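Asker: Pasted the sequence and its predicted model underneath.
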Amino acid sequence: MPRATTVLLNVGHALDHLVLLIFATAVTTIAADFGLARWEDLMPYATGAFLLFGLGSLPAGRLGDLWGRRRMMLVFFFGGGAATGLTALATDPWQLAAGLALMGAFASIYHPVGIPMLVERAARPGATIGVNGLAGNLGVAAAAVLTGLLVKWLGWRAAFAVPAAAMIACGIAFALLAPAEDGPPARRTRRAAVRLSPADLARAFVVMTAAAVTGSLLFNFTTNGNGPLLAERLAQAARDPAVLGALLAAVYVVASVSQLLVGRLIDRMALKPLYLGIVLAQVPVLALAAFAQGWTFYALLVLAMVLVFGAIPFTDAMIVRYVDDRLRSRVAGMRLTVSFGVSSCAVWLLGPVVKNGGFVVLLAAMACIAAVTAAIVTLLPNERAVCADAGPAGSP
């Protein structure tokens, strides 16, 4: 993969997460501008964005394999930029909901198309996924700090307009620099590194999808709720939107680095024990965070996000390790449709749960979700046993 294309694919991942989290950071300001008394009342209007972020992955993955991943990435950059720009023009909650939903539809293209394109010829796919995950979560951090600064100095509409322009600029660069594909991925014959039996492959797909559902629930609860949560637990430090954005960005930057380490470990270890250890560690950290206050809470939030982000690369790594290249976008699309589609309810539930039970209830529920994820991961096939039965990695 040419270096310029790799950079643009990683930047695309950052922008993908950035644009979807602008709303979460600016929601208090937008609610006040629209005349709503509480930010929680505006949160359900973002549900469509995350629902389409999941549902759109299925057709996006299919088109990526059958039509071409380069073409689909151009649709992602130009369509996503246009949708984000339109959202900046919203004048009421329903217009905002429509713009966010359109953003979610175009954002759904990246994961089933961009990541398989990035790892097509990667010698160390785990490390490649780790760097890509770092880029995506730096986009989460950038959403916090950039949105906070733009809201403070230029207003919430600029927080959508500036990333929209960046996406379109990246689309132009991608069109000029990304090489043409030698044909649709569906025609390729590159085999998976680890050959599973049909029964084990089906089992791995079910487990990775179920684990991705619970992991995505945690990701959506945290990334959409961390802003208001910090504003409550660190009230004095977080009164200024720019300070709140900087505190959030620091959490996400530190947490993002964990993906580099996890990516390198994935290339050296069996997936199951590594994945299980990370999700098990989430349970006590989230439980303690439910009752912590002040800077103690902030430290626990950093640790919790390190573990939540550290678990993200595993489902992509499973697809790269177990699925032939000609099918990866479609398999990723199916997995993402289920996991992101179901986990979109986290955005809808966030406001009502916090409004009625507070963040203690939310964090306790997240600890339970992490425990469910750990139980699911125990059902993964034993990779070493499978490899011993299947023969050398990559053998036909």
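Answerer: Received the coordinates, thanks. Numbering: from 1, shown residues only.
Asker: ok now stretch 16-33, how far from the chain's centre?
Answerer: Distance of stretch 16-33 from the chain centroid (Cα atoms, centre = their mean, to the nearest Å) equals 16 Å.
Asker: what comes up buried for it?
Answerer: 16-31 (16 or more other Cβ atoms under 10 Å). C-beta coordinates here come from the backbone N, C-alpha and C atoms, glycine included.
Asker: just stretch 64-71 next, same as before
Answerer: For stretch 64-71, by 16+ other Cβ under 10 Å, it's 64-65, 67-70.
Asker: Let me know the closest of those residues to Ala105.
Answerer: Comparing those against Ala105 with Cβ to Cβ places Gly64 closest, at 15.0 Å.
Asker: where's that closest one, which helix or strand?
Answerer: Assessed by DSSP states H and E, Gly64 sits inside helix 57-66.
Asker: got the CA positions of that helix in CSV?
Answerer: Extracted C-alpha coordinates of helix 57-66, given in CSV (Å, rounded to 0.1, in the frame of the first residue of the first chain):
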residue,chain,number,x,y,z
SER,A,57,-22.2,-1.3,7.0
LEU,A,58,-23.9,-4.2,5.2
PRO,A,59,-24.4,-2.7,1.8
ALA,A,60,-21.1,-0.8,2.2
GLY,A,61,-19.2,-4.0,2.8
ARG,A,62,-20.9,-5.7,-0.1
LEU,A,63,-20.2,-2.9,-2.5
GLY,A,64,-16.6,-2.7,-1.2
ASP,A,65,-16.0,-6.4,-2.2
LEU,A,66,-18.0,-6.4,-5.5
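Asker: Please list the residues outside that helix that contact it.
Answerer: Residues from elsewhere that reach helix 57-66 (Cβ atoms under 8 Å, 6 or more residues apart in numbering): 72, 108-109, 111-113, 116-117, 184-186, 326-337, 340.
Asker: just stretch 364-377 next, same as before
Answerer: Counting by Cβ under 8 Å, 6+ apart, 207, 210-211, 214-215, 217-218, 221-222, 272, 275-276, 279-280, 282-284, 286-287, 290, 311, 353 sit against stretch 364-377.
Asker: Buried ones in it, by neighbour count?
Answerer: Here stretch 364-377 shows 364-367, 369-374, 376-377 as buried, counting by 16+ other Cβ under 10 Å.
Asker: export that stretch as CSV, just CAs?
Answerer: Only the C-alpha atoms of stretch 364-377 are listed here, as CSV (Å, rounded to 0.1, in the frame of the first residue of the first chain):
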residue,chain,number,x,y,z
ALA,A,364,-22.8,0.0,37.1
ALA,A,365,-24.7,-1.1,34.0
MET,A,366,-21.5,-0.7,32.0
ALA,A,367,-19.6,-2.9,34.4
CYS,A,368,-22.3,-5.6,33.9
ILE,A,369,-22.0,-5.3,30.1
ALA,A,370,-18.2,-5.8,30.4
ALA,A,371,-18.8,-9.0,32.4
VAL,A,372,-21.1,-10.2,29.6
THR,A,373,-18.4,-9.5,27.1
ALA,A,374,-15.9,-11.6,29.0
ALA,A,375,-18.4,-14.5,29.2
ILE,A,376,-18.8,-14.3,25.4
VAL,A,377,-15.1,-14.2,24.7
